[in-house]
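Participant: structure, please.
(chains A and B)
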Amino acid sequence: MIVPILDGLLTFTKAPITWILLLLNVFLFSQNYHLAQDCHSQFQVWYEDTDFLYTQGQVYSQFKSQRDLANFKDMKTLGRIAFRDELFLQQALKTPWSGDQIALKEWKQNLSEYLVLRDYYPPVTLGISEKYKDFFAHISYQFYHESFYHLIGNLLLILIIGAYLEQRTSGLTVFTVYLLGGGLAALIHSSLGGLSAAPLIGASGSLCALLGFLLITEFKTKTRLFYILLPMKGYMGFILIPTVYWVVWLFVIEDIAGWLAQSPLISTGVAHSIHLLGFGFGALLGWIYLRLIENKFVLPRKMTFAYKTSKLQKI
Amino acid sequence: MYAYRKIANDESQGNQFGLASPADRIAAGILDCSVLIPLVQLVQSPIRRWIFESVLFDNGAQISTYRVINLILFVAIFVIYYSLMIYWRGQTLGKYFLKIQVISYHGKISLAASFLRSFSLFTQFIFLAYPFLALWTHPLRRPIHDRLADTLVVSSNSQEGLSKVTHSFKLRLAFAFVFLLFISVGFFSKPKSDLREELDFLIAEECASFKEKTLNEMVELFLVKKIDSNCLEAKGKESIWLNEDSVLAHFAVALAAGNNSQKSDQYLTESCPKEEEYPDEMCLFIDWLFQPSLGTVDDPGSVLSLAHREGTFDFIKILVSAHLRMDRRYLEMEPLLKQISKKSALKTLHLKLSFHSLLGQNKISEAYWLMKSSRLVNEDDLLLFLNFELEKEGSHRRDLLSLVETFFPQLNESIYGRGLASEDADSEIIQEVYYKIKEGL
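Facilitator: Numbers count the residues shown, from 1 in each chain, chains lettered A, B, ... in the order given. So this is what the prediction gives:
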């Protein structure tokens, strides 16, 4: 395992803007936690109801064949895919479908309940989806996480990367990259038709924008990472690697691979395209920063932390 | 002559080579994985997408195929990387960073030896990595892959730098916590969905073997307990959605619903709506299920007449036969049983019902021979019939008891010990005999 550690976890006084961004994330998460959990547990019932999924798959198959699209045979998978199609969800209750009328009656009742509950579900109201894609959604989606682990994972990295950048640039820069990078990534993603009924949430896009910014502004700077090969002395510690190597190796390649492997029909739960767009916009903002701002306001670059030797050779 | 002997001798004479420690070798492997996995994912991604979509489109591919191909691809990339790197430099990236090297007694490692070493290295995981124990047990730390390729892993400055690395205890604790947190999340969150997928997959696989069967054949197989209700329900629902033989399909789903009587009734009611005229024989049969009166063979509107017709579904004959048995109309069972006897799949059911029919008609000797000649009719069937007789007022009890005596001479005392006075006495004897047979005499 290898993780970027850079300057470590800095305190509020050293990186106030990064901490404010983190606290906003925590605030939104905690405020909506119970409602999200209640809705989620009810959704799980539908997602695991094989009869419901099978019927939805059959209906969706009819919906798709009207548009000369693929004719799937695995109805339960198709039923899951249907949850992502906003147009289908809008028309599902109004259209008379042929087939098993008993199953259809039950399915329509469940689906109508699902659609009502969906409008109260925080990831839908705060996230960005085909139904909710206004200006507010482009901002709010960057601050909301559904699960605790999603939140912790993102916040730890934001704290490490954001605080590092805030030390070297300014709080305003971090704030701008976070908001603009994540917002523009979502805007391009939605204008390219990448949105579905399933909401996009999380600070991953903004985190990737910060990483893209770091990649450009600290391209060859050797930054500190923590590695653990074996949990024993000599096989764990810090290593200095140029930023470009580890950002590309640990983050960009994985997202490109994920994006290439992702079928437009099925969500893996990770929006790789948003990540890649985030990297792109972060890098662009980094380039703008270097060209326009840093030339005017030269900031001191202090590399104050000391590195310890390790068994690993320095690159 | 093996390479390690020479090197061992050299080492004893002060050779500069030292054996690489097991920890170094494992750490090098982990580092190789960390370096390679993003690249492997990148190479795999278009193939993964293609395979995944082929699974979705159900082009014959199954989830297991997808997993196997992914695994093969994963191993192949690693084997190629290891082979080329060991052949080229004697080191992979991980080994380079850990300053260890693969050497061969024969000088430069050949490409074939390098490939053999790499391939056998990965195949050891089939044996749960058990052969790697040789890293600790073999005097020269040579697991199978090293011995096959006649190689040895050495370190020129094995201990250098190790002792210099120090880390604060708090930092190690913090990272160990984060590490364990993510491991535990992965550990507790994955199996549930995997298990559900596996279960769905197993059901689908089991039902797939009956894919070619027609719906009425599926119903018959379900009645003789050769298929699961899930398979019948799936087939029935598929037929409903495809608008194929709607009445039979609704009946199949109702039958598969089993104990869920509400669902079962819904599907039966839906199959033949009352407002429409259905001359269909299936509707006649379904009406009979709601009002089970068999009627007579001569009445063309009766279900018994329907069952006796040539071409009527065999499962109707089976169900009507079973009902005739309940009504103790054994004589009328025979022609129906003859018709279903033609199907090998229904052989067991046919024999069992025939056995009951013969006993019911007082054809004890024929029943005896049927039981003797066929392994498919056994003591359990006799017990079933005894139980059936206990519940109903029977007229063939004495003959039945004589059959029991033929099979179980040791029950003579129970049957004849107290004499055969009345029907009530027979009931007591049957009860006693029944429990004795049930409890293994």
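Participant: which strand or helix spans residue 79?
Facilitator: This is for chain A. Secondary-structure assignment from DSSP states H and E places A:G79 in helix A:75-82.
Participant: wait, chain B
Facilitator: Judged by DSSP H and E, B:V79 forms part of helix B:63-88.
Participant: what is the next helix-or-strand element following that helix packed up against?
Facilitator: The helix or strand immediately downstream of helix B:63-88 is helix B:93-98, counting by DSSP H and E. Contacts defined by 3 or more Cβ pairs under 8 Å, 6 or more residues apart in numbering or on different chains; DSSP states H and E place helix B:93-98 against helix B:22-56. (Glycine included, C-beta is placed from N, CA and C.)
Participant: ok, now how distant is B:A112 from B:F119?
Facilitator: From B:A112 across to B:F119, the span is 10 Å (Cβ to Cβ, to the nearest Å).
Participant: also B:E366?
Facilitator: Distance, B:E366 to B:F119, by Cβ to Cβ: 67 Å.
Participant: which one of the two has more residues nearby?
Facilitator: More crowded of B:E366 and B:F119, by other Cβ atoms under 10 Å in any protein chain shown: B:F119, with 18 against 15.
Participant: could you say what helices and strands the very next helix or strand once past the helix holding A:G79 packs with?
Facilitator: Counting by DSSP H and E, the next helix or strand C-terminal to helix A:75-82 is helix A:86-91. With contacts defined as 3+ Cβ pairs under 8 Å, 6+ apart, helix A:86-91 has these neighbours: helix A:50-65.
Participant: from the chain's centre, how far out does the helix it packs on sit?
Facilitator: Between the mean C-alpha location of helix A:50-65 and the chain-wide mean there is a distance of 29 Å, by Cα atoms, centre = their mean, to the nearest Å.
Participant: got the buried residues for that helix?
Facilitator: Across helix A:50-65, burial judged by 16 or more other Cβ atoms under 10 Å in any protein chain shown covers A:51-61, A:63-64.
Participant: mind giving me the packing neighbours of the lowest-mean-pLDDT helix or strand in chain A?
Facilitator: Using mean pLDDT, DSSP states H and E, helix A:75-82 stands out as the lowest-scoring helix or strand of chain A, at a mean of 82. Contact partners of helix A:75-82 among helices and strands, from 3+ Cβ pairs under 8 Å, 6+ apart: helix A:50-65.
Participant: contacts for the helix it packs on?
Facilitator: Residues outside helix A:50-65 that contact it (Cβ atoms under 8 Å, 6 or more residues apart in numbering or on different chains) are A:46-47, A:70-72, A:74-83, A:85, A:88, A:91-92, A:95, A:97-100, A:103-104, A:106-107, A:110-111, B:200, B:237, B:241.
Participant: just the buried ones from the residues you listed?
Facilitator: A:46, A:72, A:74-83, A:85, A:88, A:92, A:97, A:99-100, A:103-104, A:106-107, A:110-111, B:237, B:241.
Participant: give the rounded mean pLDDT of the top helix by length along chain A.
Facilitator: Scanning chain A for the longest helix, with DSSP state H as the assignment, gives helix A:16-47. Helix A:16-47 carries an average pLDDT of 92.
Participant: that helix close to chain B?
Facilitator: No: using Cβ under 8 Å from any Cβ of the partner chain, helix A:16-47 stays clear of chain B, coming no nearer than 10.3 Å.
Participant: buried ones in that helix?
Facilitator: By neighbour count on 16+ other Cβ under 10 Å, the buried set for helix A:16-47 is A:17-19, A:21-22, A:25, A:28-29, A:32-33, A:36, A:39, A:46.
Participant: next, the distance between the ends of stretch B:98-110.
Facilitator: Stretch B:98-110 has its terminal residues 23 Å apart, counting by Cα to Cα, to the nearest Å.
Participant: what angle do the helix holding B:V79 and helix B:22-56 make?
Facilitator: In terms of direction (axes from the mean of the first three to the mean of the last three Cα atoms, to 10 degrees), helix B:63-88 departs from helix B:22-56 by 140 degrees.
Participant: list the buried residues in helix B:63-88.
Facilitator: Quick answer for helix B:63-88 (16+ other Cβ under 10 Å): B:63, B:69, B:73-75, B:77-79, B:81-83, B:85-87.
Participant: cool, and stretch B:355-368?
Facilitator: Of the residues in stretch B:355-368, B:F355, B:H356, B:S357, B:L358, B:L359, B:G360, B:Q361, B:K363, B:I364, B:A367, B:Y368 count as buried by neighbour count, 16+ other Cβ under 10 Å.
Participant: which one of the residues you listed is nearest to chain A?
Facilitator: For those, the residue nearest chain A by Cβ to the nearest Cβ is B:H356; the value is 36.0 Å.
Participant: which helix or strand lies directly C-terminal to the host helix or strand of A:K105?
Facilitator: Here A:K105 sits within helix A:101-118, counting by DSSP H and E. As assigned by DSSP H and E, the chain's next helix or strand after helix A:101-118 is helix A:122-126.
Participant: centre of the chain versus the helix or strand just after that next one, how much separation?
Facilitator: Downstream of helix A:122-126, the next assigned helix or strand under DSSP H and E is helix A:135-140. How far helix A:135-140 lies from its chain's middle: 14 Å, per Cα atoms, centre = their mean.
Participant: buried residues, helix A:135-140. List them.
Facilitator: For helix A:135-140, by 16+ other Cβ under 10 Å, it's A:A137, A:H138, A:S140.
Participant: any idea of the mean pLDDT for stretch B:337-350?
Facilitator: 70.
Participant: try stretch B:296-310
Facilitator: Computed over stretch B:296-310, the average pLDDT equals 75.
Participant: so which residues of the stretch 101-250 of chain A form helices?
Facilitator: Assigned by DSSP state H, counting those that start in this stretch, the stretch 101-250 of chain A shows helices spanning A:101-118, A:122-126, A:135-140, A:148-168, A:171-176, A:182-191, A:204-217, A:243-247.
Participant: highest mean neighbour count out of these?
Facilitator: helix A:204-217 (a mean of 28; mean count of other Cβ atoms under 10 Å in any protein chain shown).
Participant: what residue ranges in the stretch 201-315 of chain A score low on pLDDT?
Facilitator: A:264-269, A:294-315 (pLDDT under 70).
Participant: what about 50?
Facilitator: A:298-300, A:302-315 (pLDDT under 50).
Participant: repeat for the stretch 51-200 of chain A
Facilitator: For the stretch 51-200 of chain A, the stretches flagged by pLDDT under 50 are A:67-70.
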